[in-house]
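K.L.:
sequence first, predicted coordinates after that:
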Amino acid sequence: AQKVTQAQTEISVVEKEDVTLDCVYETRDTTYYLFWYKQPPSGELVFLIRRNSFDEQNEISGRYSWNFQKSTSSFNFTITASQVVDSAVYFCALGGGANSKLTFGKGITLSVRP
Amino acid sequence: DAGVIQSPRHEVTEMGQEVTLRCKPISGHDYLFWYRQTMMRGLELLIYFNNNVPIDDSGMPEDRFSAKMPNASFSTLKIQPSEPRDSAVYFCASRTDRINEKLFFGSGTQLSVL
């Protein structure tokens, strides 16, 4: 069975602080995919990034960066110099193997205060 | 591209009534997913279809829930009879058949059962 754990439930930071959102996953598949989605207050789910299990290269995209470590089964997400518009719920998700569905974590509510 | 379209956006009904939620996936997408989001349980997969055929309905909570996909451009999720504990946001999502391609989500239906 696949499992995604987002141990942090709520994080509150002041604008311009850096913040890291943790994600730990469990799977028996040798090939799998990890995702991060953002859900702003408007409610829609917005895709942010996808990583393959065979590609541990970390990625930076503007103020966003992702740290994928298979040794610790983690796929953490960092926002540098946070902004109020980053306030949202962030979901980590896992898919792979013969399973075509995505398993989501419970989500982390990020509040960025001005 | 219009994206995944769900209707209605909001539904308020009384306990015992039948509720039908509708979804139009992105044209050309072979997979369609129904998720339910609640504070307690997060995002739960209810059922998903591949080429209009239900593949996994293990997440459907009970017999009161049913889902159909009569053609590639339309799916329904029906609850009969509805109960207050069914109150949640119901999301429809679709994707192509490429391995673990990202999901595109609709805006969701906010269901309130009084």
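P.N.:
Nice, thanks for sending it over.

K.L.:
which parts of chain A sit against chain B?
P.N.:
Contact residues (C-beta under 8 Å from any C-beta of the partner chain) of chain A with chain B: A:32-33, A:35, A:37, A:43-45, A:47, A:50, A:91, A:95-96, A:100-107. Just so you know, the C-beta spots here come from the backbone N, C-alpha and C atoms, and that holds for glycine as well.

K.L.:
so where's chain B shaky on pLDDT?
P.N.:
Counting by pLDDT under 70, chain B contains low-confidence residues at B:1, B:100.

K.L.:
what residues does it put near chain A?
P.N.:
B:31, B:33, B:35, B:42-43, B:45, B:48, B:50, B:55-56, B:89, B:91, B:93, B:99-100, B:102-108, B:110.

K.L.:
okay, and which of those map to strands?
P.N.:
Counted as lying in strands by DSSP state E, out of the residues of chain B next to chain A, are B:31, B:33, B:35, B:42-43, B:45, B:48, B:50, B:55-56, B:89, B:91, B:93, B:104-105, B:110.

K.L.:
now, among those, which is nearest to B:Gln17?
P.N.:
B:Gln17 lies nearest to B:Gln110 out of those, by C-beta to C-beta, at 15.9 Å.

K.L.:
and the residues of chain B next to chain A, which of them are buried?
P.N.:
B:31, B:33, B:35, B:42-43, B:45, B:48, B:55-56, B:89, B:91, B:93, B:100, B:102-108, B:110 (16 or more other C-beta atoms under 10 Å in any protein chain shown).

K.L.:
nearest residue to the middle of chain B?
P.N.:
For chain B, the residue nearest the mean C-alpha position is B:Trp34 (3.2 Å; C-alpha atoms, centre = their mean).

K.L.:
the strands in chain A, which residues?
P.N.:
Remark: strands assigned in chain A by DSSP E are A:3-5, A:10-14, A:19-21, A:24-26, A:32-39, A:46-52, A:59-61, A:64-69, A:74-79, A:88-96, A:99-104, A:108-113.

K.L.:
now do the buried residues in the fifth one.
P.N.:
Of all the residues in strand A:32-39, those buried under the rule 16+ other C-beta under 10 Å are A:Tyr32, A:Tyr33, A:Leu34, A:Phe35, A:Trp36, A:Tyr37, A:Lys38, A:Gln39.

K.L.:
repeat for the last one
P.N.:
Neighbour-count burial for strand A:108-113 flags A:Ile108, A:Leu110, A:Val112 (criterion: 16+ other C-beta under 10 Å).
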